[in-house]
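A.B. asks: Sequence unavailable; structure follows:
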Ligand SMILES: NC(=O)C1=CN([C@@H]2O[C@H](COP(=O)(O)OP(=O)(O)OC[C@H]3O[C@@H](n4cnc5c(N)ncnc54)[C@H](OP(=O)(O)O)[C@@H]3O)[C@@H](O)[C@H]2O)C=CC1
Ligand SMILES: C[C@H](CCC(=O)O)[C@H]1CC[C@H]2[C@@H]3C(=O)C[C@@H]4C[C@H](O)CC[C@]4(C)[C@H]3CC[C@]12C
């Protein structure tokens with residue numbers, strides 16, 4: 001079943017000269033992945049909406065030793081952006097080795113307000129664009145026997161309160177990419193798909209969204225970014241980061257879901273949840 005001959009040990013050399021696209025690369029975990037990949041001397045094509053931030057990230061990547069670094073700015077709400085990105089990869093590199101899908105649209109940590117239009121838009125940004133990017137990248141990834149890395153969340157495995165639209169988009173990712181992985185295996189296509197199940201990470205946007213409600217200490221984004229690259233390079237089907245916290249949550253939830261959910265609710269400062 002596990003037909004890839006997956007290498008066991010990670011060596012940063014594995015990324016040298018590889019052609020990598022990172023989405024959501026202007027801040028947070030995506031920005032940190034760009035810096036690690038630059039140190040590893042990969043070729044980088046970065047994307048997000050904010051051009052000024054991308055320019056700075058690209059400059060830093062070049063200083064850190066990237067084999068090359070460029071960006072395309074735009075919103076993943078736009079159906080033309082995935083094609084545009086993959087065309088750029090084909091024209092400049094003539095191929096692609098790794099596609100890291102990481103961006104997310106804005107969503108608040110709060111009670112579901114009934115805004116169906118927000119759910120529709122978030123599905124487009126957080127899910128449909130991932131499908132469009134992977135679809136456009138597959139011909140080149142088949143050629144290079146490359147990798148797709150999908151950044152997801154524990155909220156895409158276990159739904160807690162205050163993340164209904166976000167959680168739905170992450171559950172959708174897991175369904176789509178787990179099914180696609182099996183079709184690739186059936187067709188003997190050697191493109192790996194790595195799903196990253198992340199817990200709470202100390203990015204500015206996540207800390208701003210939840211620190212008044214969730215007292216836990218978030219894990220470091222720099223280490224998280226490196227673990228994602230490592231799991232992708234080793235062609236692992238799944239990453240849990242931070243491993244112990246995510247593994248424990250999944251285990252307890254599978255044994256006693258109601259107990260787990262009540263413990264999580266009990267740990268939140270519910271009085272601080274802002275209603276929109
Ligand atoms: N931080 C955490 O605690 C956790 C994070 N994750 C996952 O990790 C990944 C990264 O999260 P994190 O680093 O915290 O997020 P950030 O908010 O720091 O970064 C999000 C990135 O997506 C870009 N982005 C936002 N909206 C759009 C859009 N419409 N089109 C294109 N790009 C867009 C942002 O740039 P710009 O605004 O310039 O477009 C930015 O580069 C996500 O997939 C998230 O679900 C999972 C679990 C926990
Ligand atoms: C509370 C969750 C796990 C339990 C714990 O205390 O560790 C968090 C794990 C994943 C987090 C969410 C996530 O996936 C990223 C989102 C990013 C958005 O910008 C807003 C916040 C998040 C919904 C974030 C919220 C906390 C977790 C669910």
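C.D. replies: Nice, thanks for sending it over. Since this is a predicted model, take the numbers as computed values, not measurements. Ligands and ions are numbered 1, 2, ... in the order given.

A.B. asks: pLDDT at residue 276, what is it?
C.D. replies: pLDDT, residue 276: 73.

A.B. asks: Next to ligand 2, which bits of the chain? Give me the list.
C.D. replies: 107, 109, 153-155, 160, 163, 166, 199-200, 205-206, 209-210, 214, 216, 245 (C-beta under 6 Å from any ligand atom). Any C-beta I mention is one placed from the backbone N, CA and C, and that applies to glycine too.

A.B. asks: Go back to the residues you listed and keep what's next to ligand 1.
C.D. replies: 153, 200, 205-206.

A.B. asks: Name the SS class of residue 131, please.
C.D. replies: helix (DSSP: H, G, I helix; E, B strand; the rest coil).

A.B. asks: Pretty sure residue 176 is one of the things it touches, is it not?
C.D. replies: Yes - the criterion here is C-beta atoms under 8 Å, and residue 131 meets it with residue 176 at 6.1 Å.

A.B. asks: Please convert the buried members of the ones next to ligand 1 among the residues of the chain next to ligand 2 into ChimeraX selection syntax.
C.D. replies: Burial among these is assessed by 16 or more other C-beta atoms under 10 Å; the matching ChimeraX selection reads:
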select :153,200,206
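
A.B. asks: Mark which of the ones next to ligand 1 among the residues of the chain next to ligand 2 are part of helices, please.
C.D. replies: Mapping these onto helices (DSSP state H) picks out 205-206.

A.B. asks: Name the nearest of the ones next to ligand 1 among the residues of the chain next to ligand 2 relative to ligand 2.
C.D. replies: residue 153 (3.2 Å; C-beta to the nearest ligand atom).

A.B. asks: quick one: contacts for the closest one?
C.D. replies: 166-167, 170, 197-199 (C-beta atoms under 8 Å, 6 or more residues apart in numbering).

A.B. asks: Right, I'll leave it there.
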